[in-house]
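**Q** sequence? don't have it. structure:
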């Protein structure tokens with residue numbers, strides 16, 4: 001089973017941006033040194049959510065020149081906010097720079113504030129994403145001698161006459177989608193993509209029985225892959241990167257200390273998302289939509305769904321459950337919430353405890 005860190009963490013104002021960017025870069029380098037398999041980057045705008053997430057490709061390229069072993073993932077790229085040709089080029093270039101260690105999660109976006117800030121109507125974003133997936137696949141496959149590919153995609157209209165440069169690093173791009181709906185699961189299987197497997201049933205982003213929801217989606221994805229006609233090596237690689245996510249991971253010497261510190265972290269996180277929600281509502285009014293209120297991250301269902309916390313023994317026990325389900329990758333946010341020096345001190349302690357006392361228990365039986 002693989003372990004990855006998610007570069008989350010919020011800036012609460014312009015004066016904090018530089019600190020958060022540098023701290024998350026340090027966090028990625030530490031994860032590489034400690035033996036984690038990948039770092040994943042978000043793609044967000046305007047809110048202070050991980051300031052470097054305004055251009056995760058640029059930040060990944062910066063990190064790629066400083067790390068040794070980790071893969072780079074995106075969780076997830078909001079596809080409608082990217083020019084389709086530029087996206088195809090950047091994925092290829094970064095795949096070359098990382099030696100084929102790139103996993104590109106894709107999605108349609110979750111907040112009108114972000115889409116309207118790029119001139120994209122939130123209500124069009126899902127259709128734009130579906131169309132862009134098809135267009136990018138055609139662009140990657142185009143040979144110089146092929147007829148031009150003409151496109152009219154959202155605000156963009158044009159034609160690619162020769163080919164995408166640089167060429168794909170290999171004959172397969174590792175894109176990733178969320179395997180929640182039948183259509184997205186089928187698409188992941190069609191292209192041989194790894195998947196993010198959720199642990200809740202929409203529209204409520206929390207569950208009293210997250211393991212049951214997770215098992216349902218994982219079984220559906222596994223069955224789709226088995227019937228996809230993909231080569232066995234593609235299926236095996238995709239399953240090895242199929243991902244279960246925890247928004248907030250906190251490990252401490254005892255269960256009691258971990259829960260006490262987790263409550264402090266989540267209290268600050270809840271304040272941040274409620275502050276951001278006021279701006280989301282303004283964008284929703286402009287966009288003509290009315291989305292649900294933010295989740296209550298202090299509720300036990302949300303904590304059960306999105307948090308992994310406790311002593312090393314407790315955390316390892318929970319992860320053994322997912323190991324038995326044959327999950328490929330566990331994606332963990334150690335920096336959730338406003339990223340202050342005090343918060344990062346908790347992160348460093350938690351990350352090292354995980355690396356020293358939890359991860360080795362799984363490495364001994366790993367691939």
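**A** Received the coordinates, thanks. Quick caveat: nothing in here was measured; it's all calculated off a predicted structure.

**Q** what about the strands in the chain?
**A** Secondary structure of the chain, counting by DSSP state E: strands at 2-6, 38-41, 71-78, 102-107, 149-153, 156-160, 175-178, 195-196, 243-246, 248-251, 307-310, 329-332.

**Q** for residue 91, find the nearest of those.
**A** strand 102-107 (5.8 Å; C-beta to C-beta). Where you see a C-beta, it was placed from the backbone N, CA and C, and this is true even at glycine.

**Q** would you turn the strands of the chain into CSV with distance to residue 53?
**A** Formatted as CSV, the strands of the chain follow (distance: least, C-beta to C-beta, whole Å):
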stretch, distance to residue 53
strand 2-6, 11
strand 38-41, 7
strand 71-78, 10
strand 102-107, 13
strand 149-153, 23
strand 156-160, 22
strand 175-178, 17
strand 195-196, 17
strand 243-246, 16
strand 248-251, 17
strand 307-310, 21
strand 329-332, 15
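
**Q** can you add mean pLDDT, distance to residue 283 and mean neighbour count and give these back as a markdown table?
**A** Compiled in a markdown table, these are given as follows (pLDDT from 0 to 100; distance: least, C-beta to C-beta, whole Å; neighbours: other C-beta atoms under 10 Å):
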| stretch | mean pLDDT | distance to residue 283 | mean neighbour count |
| --- | --- | --- | --- |
| strand 2-6 | 98 | 25 | 24 |
| strand 38-41 | 98 | 23 | 26 |
| strand 71-78 | 95 | 14 | 25 |
| strand 102-107 | 96 | 17 | 24 |
| strand 149-153 | 94 | 22 | 14 |
| strand 156-160 | 94 | 22 | 13 |
| strand 175-178 | 94 | 22 | 24 |
| strand 195-196 | 96 | 25 | 28 |
| strand 243-246 | 95 | 25 | 22 |
| strand 248-251 | 98 | 26 | 28 |
| strand 307-310 | 97 | 28 | 23 |
| strand 329-332 | 97 | 27 | 25 |
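
**Q** for residue 350, give its distance to residue 136.
**A** Applying C-beta to C-beta, to the nearest Å, the value for residue 350 to residue 136 is 37 Å.

**Q** before we move on, back to that, among the strands of the chain, which comes closest to residue 224?
**A** Going by C-beta to C-beta, the one of those nearest residue 224 is strand 195-196, 9.1 Å.

**Q** center of this structure, which residue is that?
**A** residue 75 (1.7 Å; C-alpha atoms, centre = their mean).

**Q** if I pick it, what's in contact with it?
**A** Counting by C-beta atoms under 8 Å, 6 or more residues apart in numbering, residue 75 touches 6, 40-42, 105, 176, 196, 243, 245, 331.

**Q** from the chain's centroid, how far away is stretch 234-244?
**A** 15 Å (C-alpha atoms, centre = their mean, to the nearest Å).

**Q** how about stretch 47-57?
**A** Here stretch 47-57 is found 13 Å from its chain centre; the criterion is C-alpha atoms, centre = their mean.

**Q** swap in stretch 212-228?
**A** For stretch 212-228 - counting by C-alpha atoms, centre = their mean - the centre lies 19 Å from the chain centre.

**Q** what does it rub up against?
**A** 179-180, 182, 185-186, 188-190, 192, 195, 197-201, 207, 235, 238-239, 242, 244, 325, 327.

**Q** cool, stretch 271-285 as well?
**A** With C-beta under 8 Å, 6+ apart, stretch 271-285 has contacts from 10, 12, 46-49, 111-113, 116-117, 122, 290-291, 293-295, 297, 337-338.

**Q** ranges for the helices of this protein?
**A** Ranges of helices in the chain, per DSSP state H, are 17-34, 56-64, 84-97, 112-117, 125-141, 182-191, 210-226, 232-241, 255-287, 300-306, 312-324, 341-353, 359-363.

**Q** got a PyMOL select line for the buried ones in the contacts of stretch 212-228?
**A** Per 16 or more other C-beta atoms under 10 Å, the buried members of the contacts of stretch 212-228 correspond to this PyMOL selection:
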select buried, resi 179+180+185+186+188+189+192+195+197+198+199+200+201+207+235+238+239+242+244+325+327
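
**Q** ok, back up a step: of the contacts of stretch 271-285, keep whichever come out buried.
**A** Using 16+ other C-beta under 10 Å as the burial test, these include 10, 12, 46-49, 111-113, 116, 122, 291, 295, 297, 337-338 as buried.

**Q** what's around residue 142, how many residues?
**A** Taking other C-beta atoms under 10 Å as the criterion, the count of residues near residue 142 is 18.

**Q** and if you look at residue 286?
**A** A count of neighbours around residue 286, defined by other C-beta under 10 Å, yields 11.

**Q** correct me if wrong: it contacts residue 116.
**A** Yes. At 5.9 Å, residue 286 and residue 116 qualify as touching, with contact defined as C-beta atoms under 8 Å.

**Q** please name the nearest non-neighbouring residue to residue 235.
**A** Leaving out its chain neighbours, the residue that sits closest to residue 235 by C-beta to C-beta, 6 or more residues apart in numbering is residue 225, at 5.2 Å.

**Q** okay, the one you found: pLDDT?
**A** Looking at residue 225, its pLDDT is 96.

**Q** now swap in residue 363 and tell me
**A** For residue 363, the model assigns a pLDDT of 83.

**Q** and the helices of the chain as CSV, adding distance to residue 2?
**A** What follows is the helices of the chain, written out as CSV (distance: least, C-beta to C-beta, whole Å):
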stretch, distance to residue 2
helix 17-34, 12
helix 56-64, 18
helix 84-97, 19
helix 112-117, 29
helix 125-141, 25
helix 182-191, 18
helix 210-226, 15
helix 232-241, 7
helix 255-287, 23
helix 300-306, 19
helix 312-324, 11
helix 341-353, 16
helix 359-363, 9
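
**Q** okay then, goodbye and thanks.
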